[in-house]
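Asks: have a look; sequence and predicted model below, questions after that.
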Amino acid sequence: MGVRLRRLREERGLTQVALARALDLSASYLNQLEKNQRPLTVPILLKINAVFGVDVQLFSEDEEARLIADLRDVMADPGLDEEIALTELREIASNMPAVGRAIVKQHRRLRQASERADALAMRLGVGTEEHEPAQLMPFEQVRDYFYAHHNYFAELDEAAEKLFAAARLTVGDCAAGLKRYLSDRLRIQVVIEAPNEQTHAQRSFEAPARVLRLSSTLMPGQLAFEMATQLAYLEMGDTIDKLARDAASGSEETYRLARIGLANHFAGALIMPYGRFFEAAERLRYDIELLRQRFGVGFETICHRLSTLQRPNARGVPFFFVRVDRAGNISKRQSATDFHFSRVGGSCPLWNVYEAFSVPGRILTQLATMPDGRTYLWIARTVSRGHGGYGAPSKTFAIGLGCDMSHANRLVYAKGLDLKDQSAAVPIGAGCKICERPACPQRAFPAIGRRTAIDENERRFTPYPVA
């Protein structure tokens, strides 16, 4: 933490004496802080926040862990042909965080450039390299943008709370109030009708006619969410546009996807306003079923909203939210914590999110340890959706919600678990290709950057043993 304090001082062009005076400390005490000989206490952090207006999250261990996770993702690139020890990455993250962030940014630019070069080569009919390029797709750019912002956007959350009050909405029954607001304030007619049999559209807005059509198959909470999403484009268009252009980096497709993601964020914040939702979550110990009953929305919507509670003066549990299908494809991934799975080689089959498919509708809990020693509490359950009668196709996903073990005692789901017994935790990894566990029976691929022990005269229980 001393390195970060010193960097903050140098960025402001202050001497140690000047900063010590601003923080009401002695110069010798500040010198000890910068040399990591004294801890940064909460009162000092609050003084730093008051004097400089910086988020105390800058001094959080979670920020360092997030950077380590990003650096490990970079070093997993097979093109580097270099095995970097985790201790070295920790050194960079703790003592040279700005350098670490620059490495991550440069690597992402390289991936984008490689993607463009490969696309151009395909158009020109020129052969590409044998290995598949690491592509950063538009939806991945949007994921990274939300990840960088801890899945929280103050502009949207604060505006949603004000609109909730102005529209006189009711917690748990927002649909009627939103319909009234759209009609009285914006002169928009809301029509609930059977969905188009060809498109099965749940929401369709006809701007010239000022008509918002919603599917009659939607539940009240879903109707409220769709109306709130359309309201986001109408009332918060400029703010959403600014944030989306910041996320897009010139990509039109990324820009449009970011607008949808930000509008959905605003919709969730409107029907589950931050202050009320945070108070209820803390009081109910993050019981998802009770929160569903309180706010009148689905399991997935509650889990997604829980992953956004990162307001500086009222932080909830920093969650990692994920949605996967039976094939292991991750279709949603939002993180307010340092945890994230690598893009290289999928996720871990020992993770309880996949087990949820075997017991549909039941909430499963799991203590899981990552290779770096950090342990997480995971909650998983399946959700299903359909849009027709008998024989019509439906979709089923598993929803996962996880937090660091340091926050587990705040959750009702820790009841009955021995949080102090490290041996009870299931060892999982970020993905087979970068997981360094040497004896995992579920390994699907050899680890990148490590030589596999190949012996035709011996067969082991553990696949792809490391030499």
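Replies: Yep, it's here. Predicted model, so just to flag it, every value in this text is computed and none were measured.
Asks: need the pLDDT of M227.
Replies: Looking at M227, its pLDDT stands at 97.
Asks: which residue ranges of the stretch 351-467 of the chain form strands?
Replies: 364-369, 375-386, 394-404, 426-427 (DSSP state E, counting those that start in this stretch).
Asks: need those strands in JSON lines (columns: mean neighbour count and distance to T229).
Replies: Every C-beta, even on glycine, is put in place using the N, C-alpha and C of the backbone. Supplementary listing: these in JSON lines, determined by neighbours: other Cβ atoms under 10 Å; distance: least, Cβ to Cβ, whole Å:
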{"stretch": "strand 364-369", "mean neighbour count": "20", "distance to T229": "30"}
{"stretch": "strand 375-386", "mean neighbour count": "19", "distance to T229": "17"}
{"stretch": "strand 394-404", "mean neighbour count": "21", "distance to T229": "19"}
{"stretch": "strand 426-427", "mean neighbour count": "14", "distance to T229": "37"}
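Asks: R185: which of these is closest?
Replies: Comparison of the strands of the stretch 351-467 of the chain against R185 by Cβ to Cβ identifies strand 375-386 as nearest, at 31.0 Å.
Asks: what about the nearest residue to A76 once chain neighbours are set aside, how many residues close to it?
Replies: Of all residues not flanking A76 in the chain, I434 sits nearest, at 4.1 Å (Cβ to Cβ, 6 or more residues apart in numbering). Neighbour count of I434, defined by other Cβ atoms under 10 Å: 23.
Asks: and I434, how close does it get to R90?
Replies: 16 Å (Cβ to Cβ, to the nearest Å).
Asks: likewise E456?
Replies: 39 Å.
Asks: which one of the two has more residues nearby?
Replies: Higher neighbour count among E456 and R90: R90, with 16 against 5, using other Cβ under 10 Å.
Asks: the more buried one against I68, yeah?
Replies: Yes: if you go by Cβ atoms under 8 Å, R90 and I68 touch, sitting 6.1 Å apart.
Asks: I'd say I188 and A209 touch.
Replies: No: under the criterion of Cβ under 8 Å, I188 is not in contact with A209, lying 9.5 Å apart.
Asks: ok, these two, which is more surrounded?
Replies: Shown here are I188 and A209; by other Cβ under 10 Å, I188 has more neighbours (21 against 10).
Asks: contact partners for that one?
Replies: Taking Cβ atoms under 8 Å, 6 or more residues apart in numbering, we find I188 in contact with 182, 210-212, 234.
Asks: and the gap between the closest residue to it other than its chain neighbours and A244?
Replies: Closest residue in space to I188, ignoring its immediate chain neighbours: L182 at 4.3 Å, by Cβ to Cβ, 6+ apart. Between L182 and A244 the distance is 23 Å, computed by Cβ to Cβ.
Asks: quick one: the strands in the stretch 51-200 of the chain, in order.
Replies: Under DSSP E, counting those that start in this stretch, the stretch 51-200 of the chain gives strands at 189-193.
Asks: how about the nearest residue to S215 once chain neighbours are set aside, phi and psi?
Replies: Using Cβ to Cβ, 6+ apart and skipping residues adjacent in sequence, the residue nearest S215 is P195, 4.2 Å away. Backbone torsions for P195, taken as degrees, to the nearest 10, come to phi -70, psi 150.
Asks: what comes up buried for whichever strand or helix holds I240?
Replies: Following DSSP states H and E, the helix or strand that holds I240 is helix 237-248. Of the residues in helix 237-248, 239-240, 243-244, 247-248 count as buried by neighbour count, 16 or more other Cβ atoms under 10 Å.
Asks: contacts for that helix, please.
Replies: Taking Cβ under 8 Å, 6+ apart as the rule, helix 237-248 contacts 141-142, 145, 153, 155-156, 159, 232-233, 254-256, 258-259, 262-263, 266.
Asks: and L291, what element?
Replies: Following DSSP H and E, the helix or strand that holds L291 is helix 288-295.
Asks: same check on R9?
Replies: Under the criterion of DSSP H and E, R9 resides in helix 2-11.
Asks: what about the helix or strand just after that helix, distance to the chain center?
Replies: From helix 2-11 onward toward the C-terminus, using DSSP H and E, the following helix or strand is helix 16-22. Centroid separation for helix 16-22 versus its chain: 37 Å, with Cα atoms, centre = their mean, to the nearest Å.
Asks: show me which positions of helix 16-22 end up buried.
Replies: For helix 16-22, burial by neighbour count (16+ other Cβ under 10 Å) applies to 16, 19-20, 22.
Asks: pull the contacting residues for M370.
Replies: For M370, the contact set (Cβ under 8 Å, 6+ apart) comprises 339, 376, 428-430.
Asks: and P78, what's its pLDDT?
Replies: 64.
Asks: do the same with N409
Replies: N409 carries a pLDDT value of 94.
Asks: T308 too?
Replies: 95.
Asks: ok, it - how many residues close by?
Replies: By the measure other Cβ under 10 Å, the count of residues near T308 is 26.
Asks: same check, this time on E206
Replies: Around E206 there are 12 other residues, counting by other Cβ under 10 Å.
Asks: go ahead and confirm it touches R213.
Replies: Yes: using Cβ under 8 Å, E206 makes contact with R213 at a distance of 7.2 Å.
Asks: low-scoring stretches of the stretch 251-400 of the chain, by residue?
Replies: Scanning the stretch 251-400 of the chain for pLDDT under 70 picks out the ranges 338-346, 388.
Asks: can you give me the helices in it?
Replies: Along the stretch 251-400 of the chain, counting by DSSP state H, counting those that start in this stretch, helices occupy 252-271, 274-283, 288-295, 299-306, 352-355.
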